[in-house]
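>>> Structure of the sequence below:
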Amino acid sequence: MVGEIGGNDYNYTFLQYFDEARDTLRIQDLVPLVVAKIKHAVEKVISFGARTIVVPGNFPMGCLPIYLTKFGLESEVDEFDQNHCIWLLNSFATFHNDHLKKAIAKLQEEYPHLLKLGEPKGFELHKACCGVGWLYNFNQTRMCGFPGVTTCPDPERYISWDGIHLTQEAYRMTVDWLQADLFWKLRCHH
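Numbers count the residues shown, from 1 in each chain. Prediction:
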């Protein structure tokens, strides 16, 4: 997990200078510096051998109690979104996250085997990786774990492990999709 880098930099700056920089332009100058540090941290963990890396984006800052407490009472009504979050701060978080996504896309080009989700193309959809016999490499009387039952040399290309359970790669793809879907639905929008 490589994340939450830069949050304190943003927090300190917003909490100290928000009244002077409501347009966030001065604070936006920090984003390329912070994103570069996150990218460097990802490259470092890759150099240590990491194969699965999660890089979370920035929280919807305008919904955090620290900001609502500091600015909520003195802010004007038009500074809030429909969720009563400070839209300017959430826009800044989106600005950061957009820059971070671009940096991650560049890393995916440099290290395609580490950061991309598996694509359905090239996957064995119907055969079990661990099994024997018949059309789908599955035999109920000689299942995975029985003597003489072999496993495929490349389980990351299979959806089914033993004809019943998914492979680790299929579970990973499912979790990635669920997280992306759930996180999108849980995000604060303005």
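
>>> you'd agree residue 42 is in a helix?
Yes: counting by DSSP: H, G, I helix; E, B strand; the rest coil, residue 42 is located in a helix.

>>> Could you count how many residues lie near it?
By the criterion of other C-beta atoms under 10 Å, residue 42 has 22 neighbours. No exception for glycine: its C-beta is placed from N, CA and C like everyone else's.

>>> Can you list the buried residues in stretch 86-99?
For stretch 86-99, the neighbour count (16 or more other C-beta atoms under 10 Å) marks 86-94, 96-97, 99 as buried.

>>> For the residues you listed, point out the one with the lowest pLDDT.
Lowest pLDDT of the buried residues of stretch 86-99: residue 86, 80.

>>> For that one, name its beta-bridge partners.
Applying DSSP bridges to residue 86 gives these bridge partners: residue 80.

>>> Repeat that for residue 160.
The partner residues for residue 160, given DSSP bridges, come to residue 128, residue 166.

>>> Number of residues surrounding it?
22.

>>> if I look at it, how far off is residue 83?
Here the criterion is C-beta to C-beta, to the nearest Å. By it, residue 160 lies 42 Å from residue 83.

>>> swap in residue 29?
Residue 29 is 28 Å from residue 83, by C-beta to C-beta.

>>> what does residue 7 give?
Taken as C-beta to C-beta, the span from residue 7 to residue 83 is 20 Å.

>>> Can you tell me how far residue 28 is from residue 16?
16 Å.

>>> let me fix that: residue 123
For residue 123 relative to residue 16 (C-beta to C-beta), the value is 51 Å.

>>> if you count what's nearby, which of the two comes out ahead?
residue 123 (16 against 10).
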